[in-house]
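Peer 1: sequence first, then the predicted structure:
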Amino acid sequence: MKNFRTYQYAKVLYKKSKTVKLKYYIKDQLLRASSSVCLNLVEGSARNGTKDRLRFFNIAFASLREVQSIIDIENIEQLERDADVVAAHIYKLVHYDTDNS
């Protein structure tokens, strides 16, 4: 996993999310969504078929959008850039696989 850059960026986002001060229910949702990004990236990367891999990468992207929504609603500026970086990387993963299948 050390060479999987997108996962590494997602892991940083998750760790930074843990330090944010929010109401319990919002923080819980933020942590569940950001961990979902990491877990689905890893699971997708382990899949052999393009279609199966894309399914997990798309789930990771949807979870990231949830994270970005919480960041927007709660105005968590310190996570915006990290979330945008992860979004760009996942977008590339999805579109690279789609374009080359």
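Peer 2: Now that the structure is in, tell me what you want to look at.

Peer 1: ok, T6 - contacts?
Peer 2: Shown in contact with T6 (C-beta atoms under 8 Å, 6 or more residues apart in numbering): L41, V86, H89, I90, L93. C-beta here means a position set from N, CA and C on the backbone, and glycine is covered the same way.

Peer 1: and it, how far from R53?
Peer 2: 12 Å (C-beta to C-beta, to the nearest Å).

Peer 1: which of the contacts of T6 sit farthest apart?
Peer 2: V86 and L93 (10.5 Å; C-beta to C-beta).

Peer 1: of these two, which one has the most company?
Peer 2: V86 (28 against 23; other C-beta atoms under 10 Å).

Peer 1: let's verify the more buried one: helix, strand, or coil?
Peer 2: Following DSSP: H, G, I helix; E, B strand; the rest coil, the label given to V86 is helix.

Peer 1: quick one: it from N58, how far?
Peer 2: Counting by C-beta to C-beta - V86 and N58 are separated by 14 Å.

Peer 1: hmm, back to that, want to throw the contacts of T6 into JSON lines with secondary structure?
Peer 2: JSON lines is the format used below for the contacts of T6 (three-state DSSP):
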{"residue": "L41", "secondary structure": "helix"}
{"residue": "V86", "secondary structure": "helix"}
{"residue": "H89", "secondary structure": "helix"}
{"residue": "I90", "secondary structure": "helix"}
{"residue": "L93", "secondary structure": "helix"}
